[in-house]
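Colleague: Output the structure for:
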Amino acid sequence: MVFDNIIIGNSLFVNVVLCFFSLLIIVSILNYVNPVMKEGATGSCDLDNDPTYLAKVNAANIKAMKDDIGEVKKLKEDIDILTELVGNNSTSIKKMGEALQEKSSELTGGLDPESGDELPSVTGME
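Modeller: You can find the predicted model right below:
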């Protein structure tokens with residue numbers, strides 16, 4: 001009788017261990033076939049349909065375009081200032097050229113160097 005109790009006890013223990021491992025095998029097969037997705041850890045994320053994400057992307061794009069337009073306006077102002085300065089320089093250079101022409105005409109007596117006439121001689125310096 002004592003021997004029969006030991007055999008029955010061992011077979012019960014073996015059956016419990018077999019059931020436990022069988023259950024573990026079944027759970028691992030189910031996880032392999034149909035995995036449980038954990039947000040942010042695995043799987044893919046479809047942000048193209050997320051309105052919050054799209055709103056943030058649009059806001060960032062609008063801010064970037066606004067900054068670009070501000071830079072373009074600043075460049076336009078700089079170009080207008082530079083155009084005015086170039087115009088002023090052109091006028092000043094033209095006036096300097098005219099003044100130099102007047103002084104050179106005074107020195108040469110209004111002689112046109114292309115006419116072939118001789119330069120006047122200097123008098124009164126003796």
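Colleague: next structured bit after the helix or strand where Tyr32 lies?
Modeller: Assigned by DSSP states H and E, Tyr32 belongs to helix 2-33. Note on helix 2-33: by DSSP H and E, the next helix or strand toward the C-terminus is helix 51-108.
Colleague: quick one: that following helix to chain centroid distance?
Modeller: 24 Å (CA atoms, centre = their mean, to the nearest Å).
Colleague: which other helices and strands contact it?
Modeller: The contact analysis (3 or more CB pairs under 8 Å, 6 or more residues apart in numbering; DSSP states H and E) places helix 51-108 against no helix or strand. C-betas here are computed from N, CA, C, even on glycine.
Colleague: show me where pLDDT drops low in this structure?
Modeller: 1-9, 37-45, 108-113, 116-122, 124-126 (pLDDT under 70).
Colleague: Just give me the residue closest to the centre of it.
Modeller: Closest residue to the average C-alpha location of the chain: Ala64 at 9.0 Å, with CA atoms, centre = their mean.
Colleague: any idea how far that one lies from Glu84?
Modeller: 31 Å (CB to CB, to the nearest Å).
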